[in-house]
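Engineer: Give me a model of this one.
(chains A and B)
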2 protein chains.
Amino acid sequence: MQRASPVTVADPARLVLRLADGRMDGATGRYEKRLSELDGLYLDGTAHAAAVKQQGDPVVYMVEDFRPSAQPGDMIFGVTRMLPGRIGDEFYLTRGHIHAKADRPEIYHGQAGRGLMLLESPDGETRVIEIGPNAVCYVPPYWIHRSINVGAEDLVMAFSYPADAGQDYGIISRSNGMRKRVLEDGKGGWRLADNADYRPRSAAEVTGLLAAGART
Amino acid sequence: MQRASPVTVADPARLVLRLADGRMDGATGRYEKRLSELDGLYLDGTAHAAAVKQQGDPVVYMVEDFRPSAQPGDMIFGVTRMLPGRIGDEFYLTRGHIHAKADRPEIYHGQAGRGLMLLESPDGETRVIEIGPNAVCYVPPYWIHRSINVGAEDLVMAFSYPADAGQDYGIISRSNGMRKRVLEDGKGGWRLADNADYRPRSAAEVTGLLAAGART
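Structural biologist: This is a model prediction of the structure:
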């Protein structure tokens, strides 16, 4: 719907989450990640390569979203589904990101399964938020975040975030990963372990991230 | 957490929706509406006054939300619970609003019960989006919106919207209500009916709303 006015007024939309397959009726976009695309993220590279080969490079997570616009002030809503699994002792994870506009938040709302949000601040603090049905994680501005499936079933989450946020996926690789890894604890649960390759951001990098956000 | 940096980095938060009573662990705010506060909104004022008296002015809807900040770019998340009922033939409704920054959207995500979002554009178009478990309504910028419980049980919805959006509740009263009312259809469902008192916004008012949004 367009009108002879200074702005376009968009149409209301109805979306329907399909928890069984992690899809969303009414979505405007979709992407998938295969296990091979997560090369370099896991502690055990040999186990990763073997899993890719043995399993035929499966899709390990997928996202469907509704993006009405990229206007500042607008919002994106979607659903993500992560398969369960481990590479060695390390639970399946997403690539993770900080927002390109670093001062933008994100809200994840658990729908099915059992997962974690692993969060890292610019200066390297770690937080973990447990997610499951009815549990919600508020990711504040400036926090790097990655989803982890620590359950035996698909992890399905709804999410919403500002339409102009964007994603910077490079921030994690520039530090050789996040400071912490999430490993199985041998008792059916999870534990955090240090990532020995982690390279903290410099004071100048931290200041730059916070200043970049503050400018927008 | 505060740092010697240009901005404050907030803490991640975990929220838990309690669908049975419409509350949310981790909420920072709460408000309730009693039936008497909806005086003037229903077609049958006599039936409304009688219901207030007979029922002891019950709470008819409540909201709990998490407001990390009011910074542009940040987001608010919450849950609303509406009781079922009717005033005469008219289903229970919320006061309704447009955002004070009219170019801000809102997303409602059904959790329990059966409801509608009644939407009206500045120049008076009406849309209805049905909401229930797993159904989501995207309210675009510039749309007035009001929730209606058309079921026999509590209607529970999660919502998220930009932290700087604000609410203008007066826009509906200035037009003597929304253009349409939602009435029971005598067959267990609902139907739209014209609001005879409705006063359309002038072209200048419409232009002003759209321009106000475009300035932000």
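
Engineer: which one is residue A:25 nearest to, not counting chain neighbours?
Structural biologist: Nearest non-adjacent residue to residue A:25, counting by Cβ to Cβ, 6 or more residues apart in numbering or on different chains: residue A:16, 4.1 Å away. The way it works is simple: take the backbone N, C-alpha and C, and place the C-beta from them, glycine included.

Engineer: I'd like the average pLDDT over the helix or strand containing that neighbour.
Structural biologist: Residue A:16 is part of strand A:13-18 when elements are defined by DSSP states H and E. For strand A:13-18, mean pLDDT is 98.

Engineer: Run me through the strand neighbours of that strand, direction for each.
Structural biologist: Sheet pairing for strand A:13-18, assigned by DSSP bridges, gives strand A:23-25 (antiparallel), strand B:135-139 (antiparallel).

Engineer: Just put those in CSV and tack on mean pLDDT and mean neighbour count.
Structural biologist: Converted to CSV, those look like this (pLDDT from 0 to 100; neighbours: other Cβ atoms under 10 Å in any protein chain shown):
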stretch, mean pLDDT, mean neighbour count
strand A:23-25, 98, 18
strand B:135-139, 98, 25
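
Engineer: The ones you listed: which one's closest to residue A:58?
Structural biologist: The closest of the strands paired with strand A:13-18 to residue A:58 is strand A:23-25. By Cβ to Cβ, the value is 17.1 Å.

Engineer: residues of the very next helix or strand once past the closest one that come out buried?
Structural biologist: Using DSSP H and E, the helix or strand that directly follows strand A:23-25 along the chain is strand A:29-34. Neighbour-count burial for strand A:29-34, counted by 16 or more other Cβ atoms under 10 Å in any protein chain shown, picks out no residue.

Engineer: For strand A:29-34, enumerate the helices and strands it packs against.
Structural biologist: For strand A:29-34, the packing partners by 3 or more Cβ pairs under 8 Å, 6 or more residues apart in numbering or on different chains; DSSP states H and E come out as strand A:59-66.

Engineer: Does the helix or strand following the strand it packs on reach chain B?
Structural biologist: Next in sequence after strand A:59-66, counting helices and strands by DSSP H and E, comes strand A:75-82. Yes: Strand A:75-82 lies within reach of chain B by Cβ under 8 Å from any Cβ of the partner chain, at A:75, A:77.

Engineer: distance between strand A:75-82 and the chain's centre?
Structural biologist: Mean-position distance between strand A:75-82 and its chain equals 10 Å (Cα atoms, centre = their mean, to the nearest Å).

Engineer: and the angle for it with strand A:13-18?
Structural biologist: For strand A:75-82 against strand A:13-18, the angle by axes from the mean of the first three to the mean of the last three Cα atoms, to 10 degrees is 10 degrees.

Engineer: Fine by me, thanks again.
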